[in-house]
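Student: Just the structure for this:
(2 chains)
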2 protein chains.
Amino acid sequence: MKIVLIGSGNVASHLAEALLAANHNIIQVWSKHFENAVLLSSTINSQAVKYLSEIDVDADLYVLAIKDDAIEDVALQLKNVRGMIAHTSGAVPLHIFEGNFERYGVFYPLQTFSKAKKVNFLDIPLCLEANDIAGMQLLKNIARGISNTVVEINTEKRAILHLSAVFACNFVNHFYALADEILRENELNFNLIKPLIKETAEKIQTAKPISVQTGPAIRHDEKTIAKHESLLGKHPQLVEIYKMVSDSIKKTR
Amino acid sequence: MKIVLIGSGNVASHLAEALLAANHNIIQVWSKHFENAVLLSSTINSQAVKYLSEIDVDADLYVLAIKDDAIEDVALQLKNVRGMIAHTSGAVPLHIFEGNFERYGVFYPLQTFSKAKKVNFLDIPLCLEANDIAGMQLLKNIARGISNTVVEINTEKRAILHLSAVFACNFVNHFYALADEILRENELNFNLIKPLIKETAEKIQTAKPISVQTGPAIRHDEKTIAKHESLLGKHPQLVEIYKMVSDSIKKTR
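Tutor: Numbers count the residues shown, from 1 in each chain, chains lettered A, B, ... in the order given. Next comes the predicted model:
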């Protein structure tokens, strides 16, 4: 498949690698910052383009792996392409392409990507949406070549998935960061809790999270809760978070 | 070493297995519920005892792996033992043993244990505290035989470790549970976000959490934040949590 990649960030880079490994031809890469397009294109045997007007209009698929806010603007500048256009966002509705493209869709990899760390694309659920059957078939063909989990998800359900990912990934990572901060303040090493973090994530791969909840809140251990709140005393915002999440755990249905 | 195990819950069971594998002799097991002591003792070639008064007073170590609230009471009933006594709690101070025992300590495995899931004890940090050098040496000898990470941690720092574990494990698991709830309400499968959860925990094994924070809050993407809050509309408490954690992320130092 001839693919044009719009974007050069974490999603774009990891996706590009997976597409290349599946023998797709990424003919061009565009980025807001040309030097990033040059950098990425050099690793995937592609061509960097500086202006959207230089984009080849005859590719099979245009993948927009860029910031949510930029998708609509950039798409408008690609109105003349003949192939299918798709974005990779969890939060942006399908209909933003409506009226300007014949065939369009969403190709949402449900994963968190970081520059430094390789990911195995085969394990990443790909959530697809398209405005017609042929478009869905095209996305499916590509998706099944790079992932073991390919699902059709509409805009509303994709928004819910994205919301749940904020809790299970973004908020979770912030709690790792808060734990790190609390430990550092007390000259304790974050390494000590890394096995715990790993095990907590591994547990729920087979068990329902609600069934493996531990800690003072689920035991209604008010003595420990009060002690923890006093230890957090220097940080009123952390006390509030501690109270609120503990209350939520206590109300666990 | 001759060890008596007080308790038969998750910590006791997993610890017993590790101690046995390191060729220690768990001579007796006591539990509040005798049938649980019978069950555990049968798997570790030990003897279940029904009453604390039956406990052999000549063991080298008495490990109290029981609920925090019960430690002091049960310890008082073991005043006549001649060996060292230690509890396994993150939150209970060392000094609760003071005055009633000659040699006492803490043997705190920093991990979350569940019935169903095996853990590799070698990876679990063991945090030790003791009232004298010989006691510390005894605990260290045992700890080093079952874990690769053995640290001396006093009561104050142990409380901080435990607090940070509440954020990084208990609160994190609750967020997994909330994500599960949100998904189920919308007929979406929790399996879809399992790879994301795994990757989020793996990332911070090598990167500082603050450096890999992603999501709408760190991008100050108010449009997505507002949308998520409206999607959570049915659950005012979840809206509050969403707001509060997002605010905390935005203030990330």
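Student: now do the same end-to-end measure for stretch A:144-151.
Tutor: Start-to-end span of stretch A:144-151 (CA to CA, to the nearest Å) is 10 Å.
Student: For that stretch, buried residues please.
Tutor: A:G145, A:I146, A:S147, A:T149, A:V150, A:V151 (16 or more other CB atoms under 10 Å in any protein chain shown). Yep, even glycine has a C-beta here, placed from its N, CA and C like the rest.
Student: Let me see the ranges of the helices in the stretch 1-150 of chain A.
Tutor: A:10-21, A:34-43, A:68-76, A:133-146 (DSSP state H, counting those that start in this stretch).
Student: Next one: A:A75 from chain B, what distance?
Tutor: For A:A75, the distance to chain B equals 17 Å [CB to the nearest CB, to the nearest Å].
Student: quick one, what contacts that residue?
Tutor: Counting by CB atoms under 8 Å, 6 or more residues apart in numbering or on different chains, A:A75 makes contact with A:L64, A:I85, A:H87, A:I96, A:F97, A:N100, A:F101.
Student: Excluding sequence neighbours, find me the nearest residue to the fifth one.
Tutor: By that I understand A:F97. A:Y104 (3.6 Å; CB to CB, 6 or more residues apart in numbering or on different chains).
Student: neighbours of A:N36, just the number please.
Tutor: 18 (other CB atoms under 10 Å in any protein chain shown).
Student: so what's the residue of the stretch 51-200 of chain A found nearest chain B closest to, chain neighbours aside?
Tutor: Here the stretch 51-200 of chain A gets closest to chain B at one residue, A:N170, 3.0 Å apart by CB to the nearest CB. Once flanking residues are discounted, A:N170 sits nearest to B:G215: 3.0 Å by CB to CB, 6+ apart.
Student: ok so, going back, give me the subset of the contacts of A:A75 lying in strands.
Tutor: A:L64, A:I85, A:H87 (DSSP state E).
Student: Name the residues linked to the second one by a beta bridge.
Tutor: Spelled out, it's A:I85. In this entry, A:I85 is beta-bridged to A:Y62, A:Y104, by DSSP bridges.
Student: For it, which residues are in contact?
Tutor: Contacts of A:I85 (CB under 8 Å, 6+ apart): A:L61, A:Y62, A:L64, A:A75, A:L78, A:F97, A:F101, A:R103, A:Y104, A:G105.
Student: now do A:N10
Tutor: A:F113, A:S114, A:K115.
Student: Buried by neighbour count, from the residues you listed: which ones?
Tutor: Buried members of these, counted by 16+ other CB under 10 Å: A:F113, A:S114.
Student: I'd like the contacts of A:N10 as CSV, with distance to A:E17 and pLDDT appended.
Tutor: What follows is these, written out as CSV (distance: CB to CB, whole Å; pLDDT from 0 to 100):
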residue, distance to A:E17, pLDDT
A:F113, 11, 85
A:S114, 14, 79
A:K115, 12, 78
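Student: which one among the contacts of A:N10 gets closest to B:E187?
Tutor: A:F113 (27.1 Å; CB to CB).
Student: Next, find the distance separating A:D58 from B:G145.
Tutor: From A:D58 over to B:G145 the distance is 68 Å, taken as CB to CB, to the nearest Å.
Student: Also A:L40?
Tutor: Distance from A:L40 to B:G145, by CB to CB: 50 Å.
Student: Over to A:R158?
Tutor: To B:G145, A:R158 is 51 Å away according to CB to CB.
Student: picking up where we left off before, now, among the contacts of A:I85, which is nearest to A:A134?
Tutor: Nearest to A:A134 among the contacts of A:I85, with distances taken as CB to CB, is A:R103, at 6.9 Å.
Student: so what's A:R103 up against?
Tutor: Per CB under 8 Å, 6+ apart, neighbours of A:R103: A:G83, A:M84, A:I85, A:A130, A:N131, A:D132, A:A134, A:G135, A:L138.
Student: which residues does A:D247 contact?
Tutor: A:A217, B:Q237 are the contacts of A:D247 under CB under 8 Å, 6+ apart.
Student: Is it possible to get TSV of the contacts of A:I85 that adds pLDDT?
Tutor: Converted to TSV, the contacts of A:I85 look like this (pLDDT from 0 to 100):
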residue	pLDDT
A:L61	98
A:Y62	98
A:L64	98
A:A75	98
A:L78	98
A:F97	98
A:F101	98
A:R103	98
A:Y104	98
A:G105	98
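Student: rewinding a little: A:H220: which of the contacts of A:R103 is nearest?
Tutor: A:A130 (49.0 Å).
Student: Distance check, the closest residue to the closest one other than its chain neighbours against A:G135.
Tutor: Leaving aside its sequence neighbours, A:A130 sits nearest to A:G105 (CB to CB, 6+ apart; 3.6 Å). Applying CB to CB, the value for A:G105 to A:G135 is 5 Å.
Student: what sits in contact with each of these two?
Tutor: With CB under 8 Å, 6+ apart as the test, A:G105 and A:G135 both reach A:M84.
Student: A:Q47: neighbouring residues, count only.
Tutor: Using other CB under 10 Å, A:Q47 has 16 neighbouring residues.
Student: Quick check: beta-bridge partners of the residue nearest to it when sequence neighbours are not counted?
Tutor: Nearest non-adjacent residue to A:Q47, counting by CB to CB, 6+ apart: A:Q28, 5.2 Å away. For A:Q28, the beta-bridge partners are A:V4, A:Q47 (DSSP bridges).
Student: quick one: A:Q28 and A:V49 touch, right?
Tutor: Yes - A:Q28 is within contact range of A:V49, at 5.1 Å (criterion: CB atoms under 8 Å).
Student: Could you check how far the residue of chain A most remote from its centre is from chain B?
Tutor: Ranked by distance from the centre of chain A (CA atoms, centre = their mean), the top residue is A:K223, with 38.9 Å. Note on A:K223: its distance to chain B, by CB to the nearest CB, is 7 Å.
Student: so A:I124 makes contact with A:Y108?
Tutor: No - A:I124 is not in contact with A:Y108 according to CB under 8 Å; the separation is 10.0 Å.
Student: Skip the chain neighbours and tell me the closest residue to A:I182.
Tutor: A:I182's closest residue in space is B:S164 (CB to CB, 6+ apart), at 4.7 Å.
Student: Contacts only, for that neighbour.
Tutor: A:L178, A:A179, A:D180, A:I182, A:L183, A:L188, A:I193.
Student: Look up how far A:L110 lies from the first one.
Tutor: In this structure, A:L178 and A:L110 are 25 Å apart, going by CB to CB.
Student: and A:Y104, what does it touch?
Tutor: A:Y104 neighbours (CB under 8 Å, 6+ apart): A:M84, A:I85, A:A86, A:L94, A:F97, A:E98, A:A130, A:N131, A:G135.
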